[in-house]
Structures are given as structure tokens and as C-alpha cells.
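Q: With the sequence up front, the predicted model follows.
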2 protein chains.
Amino acid sequence: MDLAVTNATVVTLDGDGLGIVDDGTIAVDGHRIEYVGPASGFDGAPDRVLDAEGCIVLPGLVDAHRHSGHALLRGGAQDLPEIEWMTDGLGPIARHATTADRIAGTRLAVAESLLSGVTTFGEYASEVGSLIEEVYEPLGLRVVAIETINEVVDDREERGPDEPYAFDRSKGENALDRAEALFENYGEHPLVTPAYGPQAVDMVSPELLRTVGERAGEHGRDFHVHVAQGERERRQIEARYGADESTVTVLAEEDLLGERLVAIHCHDATAGERKRIADAGARFVGCPSSIGAIDGVVPPLTEFLDHGAVVAVGTDQAPGPGGHDFFRELRTASLLSKTDATDPTAMPAWETLQRGTVGGARALGLGDAVGTLAEGTPADFVVVDLDVPNLAPAVSEPLHTAVPNLVFSGGSRGLRDVFVAGARVVADGSIQGMDVEAVVAEAQERAERVFDEAAVDWRAADSTLVSRADEGWL
Amino acid sequence: MDLAVTNATVVTLDGDGLGIVDDGTIAVDGHRIEYVGPASGFDGAPDRVLDAEGCIVLPGLVDAHRHSGHALLRGGAQDLPEIEWMTDGLGPIARHATTADRIAGTRLAVAESLLSGVTTFGEYASEVGSLIEEVYEPLGLRVVAIETINEVVDDREERGPDEPYAFDRSKGENALDRAEALFENYGEHPLVTPAYGPQAVDMVSPELLRTVGERAGEHGRDFHVHVAQGERERRQIEARYGADESTVTVLAEEDLLGERLVAIHCHDATAGERKRIADAGARFVGCPSSIGAIDGVVPPLTEFLDHGAVVAVGTDQAPGPGGHDFFRELRTASLLSKTDATDPTAMPAWETLQRGTVGGARALGLGDAVGTLAEGTPADFVVVDLDVPNLAPAVSEPLHTAVPNLVFSGGSRGLRDVFVAGARVVADGSIQGMDVEAVVAEAQERAERVFDEAAVDWRAADSTLVSRADEGWL
């Protein structure tokens, strides 16, 4: 036995309730958990003991949907209406980012995430393989690698919102080939699970949508789709398929509405369509900060829970009011759900923590192997020191206050250790195998170049932010 | 000249826009700012230079409304309906906290706040003088000390929500005496500004309300009132004053609706009443996390801004989903305002930062002396390192991304230095004159005692949380 973490409050997320164990021990052998439970039941002889007095141990958090590469553009576009945000705000800047920039952005975003307890990432990107090779594999993180499949010709900023995007079939085929290559390269990888990412129903031809659905069925793989993202998508669908059609009807027609679908967002679907998605067995990922900021809308987390769906949370995009502090994202999920329903009992702390752990793992197709702590499961867990001003005090009688404090009061501030498959990837708040200062410095240098190169385009696109910057507000 | 902070991006919040200065210098002599502006315009000879390369300097943040003492009870009550939250959730625990416990809680909460850049506190408490003496003065912080005035007899948990609370006039008189003592003790204090705190219109008799209004006028002081807090208050007002009356009509009848009123919350007032409050010249403080969590409601920040009122933000209560990370509170204010209005342009980053600085100072009656950086004003400012994974990268062309990143991406994570009236109260992330570990340890010890003593009462009150704890969710 390699290691035992002792003297902690352990939250297993396994069995009844949250599985809270006072004076708990978790022991690791190789990649797996050998023991988890009360100290009194442990009689192993570990090579090493990590004293976690005053700490809480919980399953590694699961950020089920994100585009980490955009972190380099953070702060570049926000406080704009949805269509203007993409077309005139973010688009002109994002166009100047290269693959190397996106790798640097991913490193930065992953650093932030690791320091907020994320062990499993739902990474959605074009050429996602480069991010796996350069960032996720070297750090030893668990990742579902979702290759973006998109056929839209790069002239869409020039088109009006009601003019269907032009499609380039070869672009889609290339993306599909990249996805297939992922399955070959990582088919049996213990930490990397590939998936298809047909970006959105308005961005992929119906033929390719159907092909993806069929391939996913053949290979037993998932496909992740941004579903009903907002006005831009709705107008595109109506322009291409007719006024009676919607993202959900097209998904159904192309036979994609089923258990292999991981449906992201869904805020612009009707209530009936959302029920249809859930009833089809699809899983749901909501991204509260991102969609709150881009659309002024709260993702239908509680609605999908009411329908009995598997529900997870993602940080989505970093440009704009982004960021990948996942404890903060869980807090945001709860608060936005409460105010959306005018119901302070909506998304209580325990439910929210489930969404960020076992819910995330199930949404990503990792079953219960990840997101819970149980004997024999992969040793993905985090150790949070509760003895910090944001999280203290924590009592265990007559109720455990640590879980609400973690969810609502800033769990990241006490983050001490992160383990993935038994390896300690964060030790005493320090990311192993990453020079964080160098990562930040590279991000800074690259961002300066990208924004500098984009300046003319950005001014020409003339979003509201241009005059705000000229007036000294930005 | 004592000190110059150099090589920083400085945000003055003074003049046009946000007053962003690239390569800025801020110099301090004694308690005041001697110079703020571009490095090129500075020719002073400071005794000491603090290099702030890669950092942003901004006015100290203003948390305009809070009850810090409750931090000891954090995590004890949340995810409950409003009335149940107070009566059956928090009440039975809070009743066991002593003055010494509240002092310990205040120390803990102030530590969290300082590490998130707060320099000015709107502290609302019974016997607030003890918190000033024990916590705020020793640390050298700026505080508006608001003495809670409340006449409610301590039997209100036994009464139904529609039975008017019994009033104890002597309780109110004693509180008023404590408020008057504050004016005597701190009338000329450079950092402490006392104010009256008639807690809520349902908790103070009309006679005492009127007296407070008159005294405030005579002494030229403000009174801070929780206005239209929700169902509990509305039912009390109707029970006492009749079905046609509301908090706002009673405030008007007792002549309190005017420029000395700082109106907190107001979410349960009608739109017309809110306009009436603003038109009377009252100032408004909204507490997004607190009211979002307790009531499932978004405070009417943007509505009061539309009415031209002075608008500020507060962290309010810490028990439940509290916490006092003020950058996070600003982010919450913006996101909740966006989703409440279904408008991603609501409460943009620059507007939000104004609310947390100059807006807060004006709401607290500190004018423009605090909350902006200008020559001759008190040297209250913070230095935030942008070279951390949550805040990087920051570019200055073609727009400054640092401000949206501070507001949306977690400014506290880069907090380096805090100055209040020229004194460095946080240096390199370390609070001067406070042993944070000891503060946390004392809070922990006291919380264990309070919750232990409260256990029987808490179970007897039988809120939903009791069964949730028994089921293992808490």
C-alpha cells in the first residue's frame, strides 16, 4: 500500500447521503483506492502517511464542459448582447489565436482548475489531441477529449444572422478524421476518453450529424452537442430547416436524440423539448457563469434534475467573465438556480456537490468509477484545508457545516492536495510538473501579441466595447 | 514622502471613465495620497518604494453592509425557506452565541475580507462598539459602526408570523444609548464613523423610529434600515399597522424617508415604493449572495441605478451560504443582475467595480474621500498581482482586460497589499497585526461549543435541515 491520508473528514459521495465519515482514512495502492472509511476500520501499513488533520477529503471535481484554450482571451469580450458578443466582440480577437496560443491558454486554465480541485475535464476543442499531448497527458489528468466537428465556412461574420452559414464538407470530414484518430490513439488509455463533438446543429450538415450518430453507436462512444444555445442558433435553424423546425426536432430527425447524447446548455429549447431530451436518456451539462454572462439566462439544471436526467456542471468559456474556479462555479450554479426559481431551497449544497462530482462523471460516461470514493475505484480525490478564513469554522455536530462552506464559501481557498489515479498532481498547493510562473508569463506574452494583432479587426467590428474602451471604462 | 508604489496599472475611479493609468505611480505621505498618475509625472523622493510590476492598484473596496459576528455560525443554516431559515434554522444556533463569540466571528470575517481587498466596512451589530474596540481599531481599518436598534422581545420564535412581536421599550432605549455613546467616543475619529441602525420597521416601535430620525437630523448622522426584507416583515407590518400599510408607508409617516436613510435590501418593496425611496434621496445597498440565498431573489441594484440613486453592495450575513470575499460578491452582483434582467449587458464590469468602491463610500456617507484615488484623499488602496492563474493575462491594448478579470475571474486570488489611511494592513498577502492561524483556531473552538450547546434547541426547532443531517446530507 502506497499511501494513507488520515485524520480527515471524508465525503465519499457513495451510498446513502453524501457518505460523510468523521475521522476518516483513505488509502491508495497504485492507481486505486484500497480503503476508505473510518480510521478505526483501517489496519493497513502504508509506505507513506499524509496527515490531513483539519481537512476534508472529497472526490476530485468534474468540470464536464469547457473550452480551456480560450483562457488566453479572458477579459476580451463580455457585457455584450449574445450575437454581438461572438460576432463583434470575441470573434475578431479569437481569429488571431493559433494552436500554440490555445495550448498556452489551456495550460493556464488547467492551472486554475487544478487549484480548485478539478481532476476530470470535459475538454471540447478543435484539434483537442494537441491539448491532450501538450497539457493533460504530461500532467497526468483525467480528461474526456471531445473533438469539435464543425463545417461552417469562416465567412460567417459577414453574413446576416438569418442567412444560413455555408458548409464545407471537407472541414467536417477532417474533424471527423481527427476524432477517429483519437479513438485509435486513446482507445485503451486509462486517463483519456475520446468523444465526438458535433459543435451545434446549426454548424454541422444533417448528413454529417447522422454519420456522427451512427459512428458513435458503432464504437460505443458519446457525442457532446451544444443544444439550443440561443437566438443566433435558433435563427440559423429556422433559416436552414424552416420555421417549424428547431435544434431538437433536427436532432430527433437525424436520430441523435438518445443515450449517447450529452446535451450542453439547452436554455433556448422549450420546456417540452427539454423533457423530450431527458426522456430520450440524454445527459445534461449546464454552465451557469458562462450562460448567465453571455445570455443573461440560467441553465435549466433543476429542470433536468426534475426530469430524472443525469446533470452536470461545466465552466465552458473563459473569455469574457470566465475563469475555471470550479468551487465558485458550483456556488454560482446554486445561487442562480435559487434566484431563477425564487426558491431558496433549490440546488442545496449537497445536491450541488453531487453535480460537481458523481453527476459530472456520469455525464461524461465515466460511470461511478470516478466522482465517488470507494474501494477499488480510481484514486481521484482532493484534500481541502478547512482551517482558512474562508472555510472555518467546520463543525460535525449536530450537522456537518463543511459541505455548505465548501460549496458556498470558497472551497478553492483551502485547496491543498489533488490526486489523480493515485498520483499527487498538486502537493501542498503546488502543481507538480508545472512551472506556474512560466505558464502565466507565456500566457501574458502570447495574449499581448494576439490582442495587438487583433486590434484593427476589433476596432473595425465596432462592438459597444470599442467606445467603452475609448471612454476609459476598459 | 513615505512611500511610492510604482510600475502598476492604476485605476483611480476618479474623473472620466475608470481613470485607468498605465505605468502608474501612487505616492503616500502620512495618511494621504500625495501623488497618483503616470510615472512620468512623478518626481518625489519617497523613503520607500514598492515595486508593483504586473500588479493593478485600485481604491480599497467598500463592503457597505455586513453582520460579521455571525461568521462563527457559517454553514449552520441555508437551503431553507426564508421564515424557516431564521426561526428554525439560524435562530436556535445564534441564540447560543455570546458577545465574545461575535468578536471572534468578526475577526474571522474581517480576515477573509482583508484578503479580498476590503478597506471600509459597514458593520451592523448590536454592541458594535465591542467589535470596533476589539477588531477594527487594533487593525486600523475604516469602518462605519452601525448600532443595531431593536425592541423585539426575545420570544418571537414562539409567535406565529402574523402575531405582532412584543416590544420592550427599554431594550430600544438601551440600544439608542449605545448609539449615542458611539457618537461621543468616535465623533472625531479619523477611521470610525458611527451611525444609527434601527434594524427594521417591524422591529422598532413607531415612536422610537421617529426619535432616531430626529436625532440623526440633529447630529447630522445617517441611519441604516433593513427595508422590505421579505414575507416575515410584510406580515408583521400588516399585523401591526393594517393591511394598507407597508414598510415604506410607515417610514414615510415617521418622517424617515429622506437623505439620511441608507436603505438595505428593499426586494420586497413594490417598484413604485422603490422609486419613492430613491426619489427621497435615500441611498441603497444590495446584498446579492445573501438575499439570493435566503429569499431566492435578486436585489434591485440596477433598478436603483436607473432611478439615479447612490448604490452599493454588501456581503450581509455569513451564516448560511455566506462569506465575505468581496471580489466574489461583485461578480455575484453582476451575474445575478444579468440573469434577473435576461440582459447580458446589465451591471458591466466597470459599473460593478464602481459599486464596490466609490458607490460604497457614498452610500456610507464618506463622500468621495474614500473609494477613489486622488491627491489629498486618504490613502486607502489595494495592490493585486495579476500574474496568477485566475487573473492572467492582462493586456492594456486595445482594451484593458484587467478590470473585467478582477470583477469576474477572482480578484482575491492575487491580493498582495492593502493600505488603509497610508498604513499597510496587508503586506504580501499577510495581515499585519493578526495571527490568522490563532483567529481560525479560536473560531473553530468557539463554534464547536456554540453548535454543541445549541444542538438540543436546533433539533427541537426541527427545520428541514435536521432530517437532512440525519439522512447524511449534512
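A: Cool, the structure landed.
Q: Please look at A:Arg159 and A:Tyr165 and confirm they touch.
A: Yes - in terms of Cβ atoms under 8 Å, A:Arg159 counts as a neighbour of A:Tyr165; the distance is 6.7 Å. Where C-beta positions appear, they are placed from N, C-alpha and C, glycine not excepted.
Q: where does the stretch 101-250 of chain A dip in pLDDT?
A: Scanning the stretch 101-250 of chain A for pLDDT under 70 picks out A:156-157.
Q: cool, the stretch 301-450 of chain A as well?
A: Checking the stretch 301-450 of chain A against pLDDT under 70 turns up A:318-321.
Q: residue boundaries of the helices in it?
A: Per DSSP state H, counting those that start in this stretch, the stretch 301-450 of chain A has helices spanning A:301-306, A:326-341, A:349-354, A:360-363, A:402-409, A:436-461. These are given in chain order.
Q: Throw those into CSV and include distance to chain B and mean neighbour count, thanks.
A: Formatted as CSV, the entries for those read as follows, by distance: least, Cβ to the nearest Cβ, whole Å; neighbours: other Cβ atoms under 10 Å in any protein chain shown:
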stretch, distance to chain B, mean neighbour count
helix A:301-306, 12, 21
helix A:326-341, 4, 26
helix A:349-354, 4, 24
helix A:360-363, 18, 28
helix A:402-409, 3, 28
helix A:436-461, 4, 18
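Q: Output these in TSV; the columns should cover distance to A:Arg221.
A: Converted to TSV, the helices of the stretch 301-450 of chain A look like this (distance: least, Cβ to Cβ, whole Å):
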stretch	distance to A:Arg221
helix A:301-306	22
helix A:326-341	25
helix A:349-354	25
helix A:360-363	14
helix A:402-409	32
helix A:436-461	31
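Q: Report the closest residue of the stretch 51-200 of chain A relative to chain B.
A: Ranked by Cβ to the nearest Cβ, the top residue of the stretch 51-200 of chain A for proximity to chain B is A:Gly75, at 2.8 Å.
Q: quick one: contacts for that residue?
A: Taking Cβ atoms under 8 Å, 6 or more residues apart in numbering or on different chains, we find A:Gly75 in contact with A:Pro319, A:Gly320, B:Ala394, B:Val395, B:Thr401, B:Ala402, B:Val403, B:Pro404, B:Asn405, B:Phe408, B:Ser409.
Q: Please name the nearest non-neighbouring residue to the last one.
A: Think B:Ser409. Setting aside the residues directly before and after it, B:Ser409 is nearest to A:Gly323 in space (Cβ to Cβ, 6 or more residues apart in numbering or on different chains), at 3.8 Å.
Q: What's the local residue count around that neighbour?
A: By the other Cβ atoms under 10 Å in any protein chain shown criterion, the neighbourhood of A:Gly323 contains 29 residues.
Q: just A:Pro161 next, same as before
A: Summarising burial for A:Pro161: neighbours were counted as other Cβ under 10 Å, giving 14.
Q: OK, contacts around it?
A: With Cβ under 8 Å, 6+ apart as the criterion, the residues that contact A:Pro161 are A:Ile83, A:Glu231, A:Arg232, A:Arg235, A:Gln236.
Q: so the second one makes contact with A:Trp85?
A: The one in question is A:Glu231. No - with contact defined as Cβ under 8 Å, A:Glu231 does not reach A:Trp85; the gap is 11.3 Å.
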